[in-house]
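>>> Build me a model from this:
(2 chains)
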Amino acid sequence: QKEVEQNSGPLSVPEGAIASLNCTYSDRGSQSFFWYRQYSGKSPELIMSIYSNGDKEDGRFTAQLNKASQYVSLLIRDSQPSDSATYLCAVRRWFGNTPLVFGKGTRLSVIA
Amino acid sequence: DVKVTQSSRYLVKRTGEKVFLECVQDMDHENMFWYRQDPGLGLRLIYFSYDVKMKEKGDIPEGYSVSREKKERFSLILESASTNQTSMYLCASSFREGSGANVLTFGAGSRLTVL
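Numbers count the residues shown, from 1 in each chain, chains lettered A, B, ... in the order given. Take a look at the predicted model:
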């Protein structure tokens, strides 16, 4: 099993809909979870981080974490064409200064 | 704004050449990383460094080496470039975990083509 798994997509949603992006991870000891957005030809940029079980909201974005089930998700409400990008899930495996492990990303396409 | 600057946006090299990819950050970050990104394979960690003169192997270090002589600069070296090292190379930096906002910030990337 890969460490961090995401559906590669593409995930197509109509403008104004909710986009739901999912990520599962294999290491039960993982502590920190991140969502990065990467536009085509650009480098990744952080949009959300989450450390505790439950939901964390930031504007149109909500990150959800369930450590018991080892999944983390990102909801994008009122999706816009400008949200079309690849979304990368990243996990920090343990406490301390360890590098992130990235999933391969899910390509989201928001159709106007 | 944190700036992570990669010296070359596009490079074309020949097989067997020695290649240097330079990365400089201006926010006094302790941690620096080199990733490569390939279609279908995602971001893979090559090497990272938590301090000057320190380096740790990532998931795919074979064929690469790194140098960190100054805190702000982290260099990736391909001793003898091969065609399978054609890729997008991304440098990133962050503060040490637990020392504040531990956001990983990326440079714009260096697209290397090895002929």
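
>>> Any regions of the chain where pLDDT drops low?
All of this is about chain A. Applying pLDDT under 70 to chain A flags the ranges A:1-2, A:94-96.

>>> look at chain B instead
Residue ranges of chain B with pLDDT under 70: B:1-2, B:97-102.

>>> near chain A, which residues of it?
The interface of chain B toward chain A, taken as CB under 8 Å from any CB of the partner chain, is made up of B:30-31, B:33, B:35, B:40-43, B:45, B:48, B:50, B:58, B:90, B:96-98, B:102-109. Yep, even glycine has a C-beta here, placed from its N, CA and C like the rest.

>>> what bridges to the spatially most central residue of chain B?
The residue lying closest to the centre of chain B (CA atoms, centre = their mean) is B:W34, at 2.7 Å. The bridge-partner assignment for B:W34, based on DSSP bridges, gives B:Y47, B:C91.

>>> ok, it touching B:K55?
No. Using CB atoms under 8 Å, B:W34 makes no contact with B:K55, being 9.9 Å away.

>>> Of the residues of chain B next to chain A, which belong to strands?
Members of the residues of chain B next to chain A lying in strands (criterion: DSSP state E): B:N31, B:F33, B:Y35, B:G42, B:L43, B:L45, B:F48, B:L90, B:T105, B:F106.

>>> In these, which residue is surrounded by the most others?
Within these, B:Y35 tops the neighbour count with 29 neighbours, counted by other CB atoms under 10 Å in any protein chain shown.

>>> in terms of contact, does that residue touch B:L43 like I think?
Yes. Using CB under 8 Å, B:Y35 is in contact with B:L43, at 4.7 Å.

>>> Name all residues that sit in contact with those two at the same time.
Common contacts of B:Y35 and B:L43 (CB atoms under 8 Å, 6 or more residues apart in numbering or on different chains): A:F102, B:L90.

>>> still on that earlier bit, could you name every residue contacting both of B:W34 and B:K55?
Common neighbours of B:W34 and B:K55 (CB under 8 Å, 6+ apart) are B:Y47, B:F48, B:V66.

>>> Pull the number of nearby residues for the first one.
Using other CB under 10 Å as the criterion, B:Y47 is surrounded by 24 other residues.

>>> Chain A: strands as residue ranges?
A:4-6, A:11-14, A:19-25, A:32-38, A:45-50, A:54-58, A:61-66, A:71-76, A:85-92, A:100-102, A:106-111.
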